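# Return a 3D structure for these sequence lines:
(one chain, ligands or ions: 1)
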Amino acid sequence: MKVAIVGGGLAGIAAAHTLLGDAGVSEVHLLEAAGGYGGRASTDSTSIPGFAFDKGAQYIQDPTTNPLTDIAKDLRFETVKEEDLYELRVDEDGVWADVDTDTPEVQAVVDAIQRSYDAAKSQPNVVVAAKPRFDTQAEMFGHATSPYGPFTESAETWQYLAADRAREAAGDGAENLFVKRGVGTLVAAYGQLLPTLYEGRYKTRFGTRVTSIAHGDSGVTLTLGTSGGSLAVDACIVTVPVSVLGSGAISFEPALPAAYTNALKALRLGSYKKLALKLRTDPEDIVPGTNYYLIETEPEGVWQCYRLPHAPDVLVAHAAGDFAAALDAMEDKDVFSLFKANVQSAFDAVYFTNGKAITNWSKNPNAQGAYSYTAFIGGGPSEPGPLKARSDLGVPLGKLHFAGEATNLKCYGTLQAAYFEGVRAAKAVLA
Ligand SMILES: Cc1cc2nc3c(=O)[nH]c(=O)nc-3n(C[C@H](O)[C@H](O)[C@H](O)COP(=O)(O)OP(=O)(O)OC[C@H]3O[C@@H](n4cnc5c(N)ncnc54)[C@H](O)[C@@H]3O)c2cc1C
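Predicted coordinates for the structure are as follows:
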């Protein structure tokens with residue numbers, strides 16, 4: 001049997017390992033639009049010398065059940081467990097002051113989010129997001145520091161809450177792991193094992209964008225956009241992000257049935273932006289291992305920033321949801337300036353030197369967003385379609401299979417979801 005895999009992120013790599021572990025599979029062809037493995041797990045090791053900047057995924061979550069924990073051990077990648085602390089910096093009458101995350105004002109917002117989530121959870125359909133209103137900075141920080149993280153300042157709020165709660169429910173509660181050389185480097189190394197382990201049976205083509213897929217009872221034929229030509233196989237696993245699929249970048253012949261196209265309307269990738277700046281000096285006020293939340297007014301949102309204990313000479317910042325989307329629309333140099341000005345007004349003596357890195361997932365044609373949430377697309381309790389989107393997309397369509405973080409029902413939006421789904425689709429092909 002000859003199988004094609006579209007996409008060389010963790011789902012595609014895990015699918016390839018699973019297929020090639022079966023002697024009945026004679027050839028696996030992995031087609032990847034980018035120049036290498038990793039997809040949304042990708043490490044930039046050059047922009048800041050000596051620092052592995054994970055542009056997408058950076059934590060191994062639920063390490064006791066996450067397959068990457070063992071893969072890291074086998075491939076001798078050093079991991080570190082880091083217990084985080086959270087601190088807010090608010091501007092009280094022009095004076096910067098630290099606020100505890102458990103002050104009543106902040107806690108009230110966190111409790112309100114939990115109550116809303118509990119109410120939303122009981123609905124058969126997905127709850128629409130409304131951008132929350134904040135009267136005080138502490139309220140805004142309450143949202144930013146709720147157990148659901150910085151997503152909660154955005155209009156994507158409830159969708160992300162559902163995602164985060166789903167992860168928590170499926171999780172092991174153990175501390176996240178960082179990979180010192182970058183989780184993207186680890187995922188790429190796991191992909192690079194394939195040609196060595198399965199020489200002759202495994203073929204990969206990087207820089208190869210699949211533009212159309214014809215599927216039928218006798219097999220699947222893929223059109224390879226950039227290199228031209230086509231590839232005929234017995235079965236195909238498509239792991240490209242749902243935003244890419246939903247954008248029509250790959251055409252299907254015959255067209256996908258309504259269950260799939262409806263699922264792709266409901267599954268979206270949200271916005272998440274990261275940047276990193278090399279520090280020239282050691283700013284006393286910014287303690288490694290502590291997360292600080294800084295308010296921004298134009299565009300409105302909250303930065304989360306921190307120094308990693310294992311890389312204290314770098315300041316990393318995250319933005320999520322609407323705020324990240326607004327930053328993605330700006331020039332990189334303006335985003336750096338905005339963040340630097342904010343940090344320098346909140347803390348004394350923060351100086352930067354050469355070395356900076358930034359992401360823009362929404363403008364990356366191979367991702368078109370960060371990770372999946374289920375959008376509210378109308379309907380009511382009698383129309384629970386959006387909640388079924390993930391399972392609908394995962395149903396095999398003859399010889400064609402869809403897999404990736406978004407088809408996982410329990411921990412979507414994570415690396416382990418991508419891994420589990422790649423394995424699931426490969427087993428369905430083998431069956
Ligand atoms: C900013 C950010 C932070 C995150 N943080 C974490 C975290 O800390 N922990 C965690 O577990 N997860 C995290 N995630 C989520 C995690 O990165 C993803 O869930 C996971 O990497 C998805 O893997 P995948 O294989 O499903 O998809 P992808 O990694 O997106 O792989 C799909 C591949 O398809 C390729 N492709 C696209 N179009 C085509 C085409 N037409 N032809 C051929 N190839 C194509 C892409 O280039 C890509 O390589 C984060 C994601 C982001 C963006």
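# Leu75 - nearest residue in space that isn't next to it in sequence?
Leaving aside its sequence neighbours, Leu75 sits nearest to Ala189 (Cβ to Cβ, 6 or more residues apart in numbering; 5.3 Å). To be clear about C-beta, it is placed using only N, CA and C from the backbone, and glycine gets the same treatment.
# so is that neighbour in a helix, a strand, or just coil?
When classified by DSSP: H, G, I helix; E, B strand; the rest coil, Ala189 comes out as helix.
# now it: how far from the ligand?
From Ala189 across to the ligand, the span is 15 Å (Cβ to the nearest ligand atom, to the nearest Å).
# now swap in Asp44 and tell me
Between Asp44 and the ligand the distance is 12 Å, computed by Cβ to the nearest ligand atom.
# same question, Ala108
Ala108 is 29 Å from the ligand, by Cβ to the nearest ligand atom.
# Give the buried residues for stretch 23-33.
Judged by neighbour count using 16 or more other Cβ atoms under 10 Å, the buried positions of stretch 23-33 are Val25, Glu27, Val28, His29, Leu30, Leu31, Glu32, Ala33.
# my bad, stretch 204-216
Residues Thr204, Arg205, Thr208, Arg209, Val210, Ile213, Ala214, His215 are the ones in stretch 204-216 that count as buried (16+ other Cβ under 10 Å).
# Ok, stretch 286-297 next?
Result for stretch 286-297 [16+ other Cβ under 10 Å]: buried residues Ile286, Thr290, Asn291, Tyr292, Tyr293, Leu294, Ile295, Glu296.
# now, the most widely separated pair of those residues?
Thr290 and Glu296 (19.2 Å; Cβ to Cβ).
# returning to what we had before: narrow the buried residues of stretch 204-216 to those in strands?
Thr204, Arg205, Val210, Ile213, Ala214, His215 (DSSP state E).
# Dig out what the third one forms beta bridges with.
Read that as Val210. Beta-bridge partners for Val210, by DSSP bridges, are Leu224.
# any idea how far Val429 is from it?
17 Å (Cβ to Cβ, to the nearest Å).
# Ok, the second one next?
Counting by Cβ to Cβ, the gap between Arg205 and Val429 amounts to 19 Å.
# Helices of the stretch 1-150 of the chain, residue ranges please.
For the stretch 1-150 of the chain, helices defined by DSSP state H, counting those that start in this stretch occupy the ranges 10-20, 67-74, 104-121, 137-144.
# What mean pLDDT does the last one get?
The reference is to helix 137-144. The average of the pLDDT scores along helix 137-144 is 63.
# do stretch 63-74 as well
On average, stretch 63-74 scores 96.
# What is the subsequent helix or strand relative to the lowest-mean-pLDDT helix or strand in the chain?
Using mean pLDDT, DSSP states H and E, the weakest-scoring helix or strand in the chain turns out to be helix 157-170, at a mean of 53. Scanning forward in sequence from helix 157-170 by DSSP states H and E, the next helix or strand is strand 177-179.
# Could you spell out the sheet neighbours of that following strand, each with its direction?
Strand 177-179 is paired, per DSSP bridges, with strand 59-60 (antiparallel), strand 79-81 (antiparallel).
# Any residue of the first one touching the ligand?
Yes - counting by Cβ under 6 Å from any ligand atom, contacts between strand 59-60 and the ligand involve Tyr59.
# any idea how far that strand is from the chain center?
Distance of strand 59-60 from the chain centroid (Cα atoms, centre = their mean, to the nearest Å) equals 11 Å.
# Equivalent analysis for stretch 306-319, please.
Centre-to-centre, stretch 306-319 and its host chain are 19 Å apart (Cα atoms, centre = their mean).
# per-residue confidence averaged over that stretch?
Taken as a whole, stretch 306-319 has an average pLDDT of 93.
# before we move on, back to that, let me have the ones in strands among the buried residues of stretch 204-216 in TSV, adding distance to His310 and pLDDT as columns.
Output for these, formatted as TSV (distance: Cβ to Cβ, whole Å; pLDDT from 0 to 100):
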residue	distance to His310	pLDDT
Thr204	32	97
Arg205	36	95
Val210	38	97
Ile213	43	98
Ala214	49	98
His215	47	98
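# For Trp361, give me its contacts.
When contacts are counted by Cβ atoms under 8 Å, 6 or more residues apart in numbering, Trp361 touches Arg40, Lys55, Gly56, Leu269, Ser271, Tyr272, Lys273, Asp328, Ala367, Gln368, Gly369, Ala370.
# Need the pLDDT of Val127.
So Val127 comes in at 44 (pLDDT).
# Ok, the one 4 residues further on next?
Among the per-residue scores, Lys131 shows a pLDDT of 47.
# my guess is Leu194 is in a helix, correct?
Yes - under three-state DSSP, Leu194 sits within a helix.
# Just give me the neighbour total for it.
21 (other Cβ atoms under 10 Å).
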